[in-house]
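Asker: Here you go, sequence then predicted model.
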Amino acid sequence: MMQERRAYWRVNIQDKISCQIIDEPDRQYPVTDISPAGISFSADREFPIAMLLQLRIILKTSSFVEKNEVTAKVNNCRRLQDKFIIGCSYVRRNEPKA
């Protein structure tokens, strides 16, 4: 049995949350897992480990669409049947000192 090592809660939602790589505005990837620390999405191609992505996270409900932009670093990329699951952590920027 695998030990749970996650420090944050996770939301496992499909079809309501997707993400776009900002440089690929015509393509959306389904989000498979999301938390305050990171995001996983499925794709039809591999992404290199440590690659930085500028992501737009899109949440759709019956009453609104919310979009948030984040920088994320690819931590893992694993094949699952005919797709890849891309696991990323958010890149935190240091706040400027006053």
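Answerer: Yep, that arrived.

Asker: so where is this structure shaky, pLDDT-wise?
Answerer: 1-15, 93-98 (pLDDT under 70).

Asker: what bridges to the most centrally placed residue in it?
Answerer: Nearest to the mean C-alpha position of the chain, by Cα atoms, centre = their mean, lies Ile39 at 3.1 Å. Beta-bridge partners recorded for Ile39 (DSSP bridges): Ile34, Cys88.

Asker: residues touching it, list them.
Answerer: Cys19, Val31, Asp33, Leu55, Ile57, Val70, Ala72, Cys88, Tyr90 (Cβ atoms under 8 Å, 6 or more residues apart in numbering). Backbone N, C-alpha and C define where each C-beta goes, glycine included.

Asker: Now do Ser18 against Val65, distance only.
Answerer: According to Cβ to Cβ, to the nearest Å, Ser18 and Val65 sit 10 Å apart.

Asker: Comparing the two, which shows the higher neighbour count?
Answerer: Ser18 (17 against 8; other Cβ atoms under 10 Å).

Asker: longest strand of the protein?
Answerer: strand 65-80 (DSSP state E).

Asker: Tell me how far it lies from the chain's centre.
Answerer: Distance of strand 65-80 from its chain centroid, counting by Cα atoms, centre = their mean, to the nearest Å, is 2 Å.

Asker: Strands along the protein, start to end?
Answerer: 17-21, 29-34, 38-43, 52-60, 65-80, 83-90.

Asker: Strand 83-90 and the third one, what's the angle between them?
Answerer: Here the directions of strand 38-43 and strand 83-90 differ by 160 degrees (axes from the mean of the first three to the mean of the last three Cα atoms, to 10 degrees).

Asker: Show me which parts of strand 38-43 are buried, residue by residue.
Answerer: Gly38, Ile39, Ser40, Phe41, Ala43 (16 or more other Cβ atoms under 10 Å).
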